[in-house]
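1. I need the structure of the sequence given here:
(one chain, ligands or ions: 1)
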Amino acid sequence: MTTRKLLLLPGDGVGPETMNQMRKLIDWANREHAAGFEIEEGLVGGAAYDAHGASISEQDMAKALAADAVLFGAVGGPKWDDVAYEVRPEAGLLRLRKDLGLFANLRPAICYPALADSSSLRKEVVEGLDILIVRELTGGVYFGEPKEITDLGNGQKRAIDTQIYDTFEIERISSVAFELARTRTNRVCSMEKRNVMKSGVLWNEVVTATHAAGYKDVELTHMLADAGGMQLVRWPKQFDVIVTDNLFGDMLSDVAAMLTGSLGMLPSASLGAPDEATGSRRALYEPVHGSAPDIAGQGIANPIAMIASFAMCLRYSFDMVEPAGQVEEAIAAVLDAGKRTADIMSDGCEQLSTDAMGDAIVEQLTG
Ligand code: NAD
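-> Residues are numbered from 1 along each chain as shown. Below you'll find the predicted structure:
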């Protein structure tokens, strides 16, 4: 049987609680699909700081580099608000993204029919929504140098951030978007600001050339990122895959997230380049939400984002498309049956604890 190595990094706050539910799905995949998952565990964020004085230890970084996929809970919390900047909990996640070379961030925005009423938009605008935002994660204005605040000496200061993109960075992220579109409804919309930014001009040029060179079967459209934000709240179902840079992707994926209701529902994947020998990509899967310190330890967190992140792991790291679909259908069926955690509770539904929601999804899968 194939052996597949998973590294679990539960982290802080609700991270360990939601990851405990995801473990039930790993057991299910091993039992029902002979998945051969072997689990290693490590510490990240505040938990790693308390144990090692670092946001992730070198030993756990080595485990992440050796794993076939990393599953990450959440990091941070008030307990670590005053630790030094370099060892703050979030630094552990940034180190993982950097050292694993995770340049492509995939954020699906799926609106389960049972939750269409909890969106801030009208039901018909979001019901059945299924879009995927592909955000460039390791370049652009968050990383470009110079990045500084200088004192101008006249009572004024100057802040500089630098937006930089090289051709290869745009080629590889747009290739990921085109390939994913082929597994969906085959449409990509690229978003940038070519009207006011040179990086937008190059982005547009390179996406167009990458499309012409290898992905002519995929429908490609371009949109200015500000218009894209407007269209996302006007009629989001017009999109299939959206590809965009780090900064615009950060904002547009949060907009898309809120179309679907609660933060506790949203999974994500971050992928690196394919390995030359095996073709497999380094990958990290995590819920979009943080450590939710306001509800941590109460057994009420929604584990669906974490469980749906595991479904993404099955699909993107192991090509286990059918089991991934089964997990996603089980989530939809449990919601259809009126089972809810506190964050998505509505009248006439049954409120479940974190643990009971995990059990309900596994029961749905095993009949
Ligand atoms: P948050 O996502 O932790 O919480 C925002 C709100 O959503 C809270 O009211 C919370 O209770 C709720 N929520 C989040 N996840 C939920 C779940 N699974 N079920 C039910 N409700 C849920 O964001 P925040 O409050 O801005 O940040 C809290 C901490 O998390 C901070 O230290 C922040 O830096 C960190 N953070 C970490 C990550 C990460 O690990 N990737 C991401 C965002 C924030």
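2. Enumerate every residue touching the residue in the stretch 201-350 of the chain that the ligand sits nearest to.
-> Going by C-beta to the nearest ligand atom, the ligand is nearest to Gly290 of the stretch 201-350 of the chain, at 2.4 Å. Quick note: C-beta positions are derived from backbone N, CA and C, even for glycine. Gly290 sits next to 13, 74-76 when contact means C-beta atoms under 8 Å, 6 or more residues apart in numbering.
3. Skipping its backbone neighbours, what lies nearest Met312 in space?
-> The spatial neighbour of Met312 that comes closest, neighbours along the chain excluded (C-beta to C-beta, 6 or more residues apart in numbering), is Ala269 at 4.6 Å.
4. try His289
-> Counting by C-beta to C-beta, 6+ apart, Leu263 is the residue found nearest to His289 once chain neighbours are left out, at 4.3 Å.
5. And for that neighbour, the neighbour number?
-> By the measure other C-beta atoms under 10 Å, the count of residues near Leu263 is 17.
6. Likewise for Gly325?
-> Residue neighbour count, defined by other C-beta under 10 Å, stands at 13 for Gly325.
7. Would you map the helices across the stretch 151-300 of the chain?
-> For the stretch 151-300 of the chain, applying DSSP state H, counting those that start in this stretch gives helices covering 167-182, 198-214, 225-234, 246-259.
8. Which positions in the helix or strand where Gly92 lies come out as buried?
-> Element membership of Gly92 [criterion: DSSP states H and E] is helix 89-99. Buried residues in helix 89-99, defined by neighbour count with 16 or more other C-beta atoms under 10 Å: 89-93, 95-97.
9. Contact partners for the residue nearest to Met197 when sequence neighbours are not counted?
-> Taking C-beta to C-beta, 6+ apart, and ignoring the residues beside it in sequence, Met197 has Gln163 as its nearest neighbour in space, at 6.7 Å. Gln163 sits next to 140-141, 144, 197, 199, 245, 247 when contact means C-beta under 8 Å, 6+ apart.
10. Phi, psi for Gln163 please.
-> Summarising the backbone geometry of Gln163 under the convention degrees, to the nearest 10, its torsions are phi -90, psi 120.
11. ok and the residue in the stretch 1-150 of the chain nearest the ligand?
-> Per C-beta to the nearest ligand atom, Gly76 is where the stretch 1-150 of the chain lies closest to the ligand, at 2.5 Å.
12. Nearest residue to that residue in space, please, no chain neighbours.
-> Nearest in space to Gly76, with sequence neighbours left out and distances taken as C-beta to C-beta, 6+ apart, is Pro89 at 4.4 Å.
13. now swap in Met258 and tell me
-> Nearest non-adjacent residue to Met258, counting by C-beta to C-beta, 6+ apart: Ser120, 6.5 Å away.
14. State the number of residues packed around that neighbour.
-> The burial count assigned to Ser120 is 9, neighbours taken as other C-beta under 10 Å.
15. Wait, it touches Thr260, no?
-> No: shown here, Ser120 and Thr260 do not form a contact pair, counting by C-beta atoms under 8 Å, at 10.2 Å.
16. what pLDDT does the closest residue to Phe248 other than its chain neighbours get?
-> Spatial nearest neighbour of Phe248, chain neighbours left out: Ala225 (4.2 Å); criterion: C-beta to C-beta, 6+ apart. pLDDT, Ala225: 98.
17. Distance check, Ala225 against Leu252.
-> 7 Å (C-beta to C-beta, to the nearest Å).
18. shared neighbours of the two, anything?
-> Contact criterion C-beta under 8 Å, 6+ apart; residues bridging Ala225 and Leu252 by contacting each: 191, 244.
19. same question for the particular helix or strand that has Lys147 in it, mean pLDDT?
-> Lys147 belongs to strand 144-151 when elements are defined using DSSP H and E. Averaged over strand 144-151, pLDDT sits at 96.
20. Enumerate the positions of it that are buried.
-> Of the residues in strand 144-151, those with enough neighbours to count as buried (16+ other C-beta under 10 Å) are Gly144.
21. What helices and strands are in contact with that strand?
-> Using 3 or more C-beta pairs under 8 Å, 6 or more residues apart in numbering; DSSP states H and E as the contact test, the elements touching strand 144-151 are strand 157-162.
22. Going by contacts, tell me the helices and strands next to the strand it packs on.
-> Taking 3+ C-beta pairs under 8 Å, 6+ apart as the contact definition, the neighbouring helices and strands of strand 157-162 are strand 144-151.
23. now the strand it packs on against helix 246-259, angle please.
-> Using axes from the mean of the first three to the mean of the last three C-alpha atoms, to 10 degrees, the interaxial angle of strand 144-151 with respect to helix 246-259 works out to 90 degrees.
24. Run me through the strand neighbours of strand 144-151, direction for each.
-> As defined by DSSP bridges, the strand partners of strand 144-151 come to strand 157-162 (antiparallel).
25. buried set for the partner strand?
-> Buried residues in strand 157-162, counted by 16+ other C-beta under 10 Å: none are found.
26. residues near Tyr82, how many?
-> Quick fix: residue 82 reads Asp, not Tyr. Residues contacting Asp82 under the criterion other C-beta under 10 Å number 7.
27. Ramachandran angles for it?
-> The phi and psi values for Asp82, taken as degrees, to the nearest 10, are phi -100, psi 10.
28. any idea how far it lies from Glu192?
-> Taking C-beta to C-beta as the measure, Asp82 falls 39 Å from Glu192.
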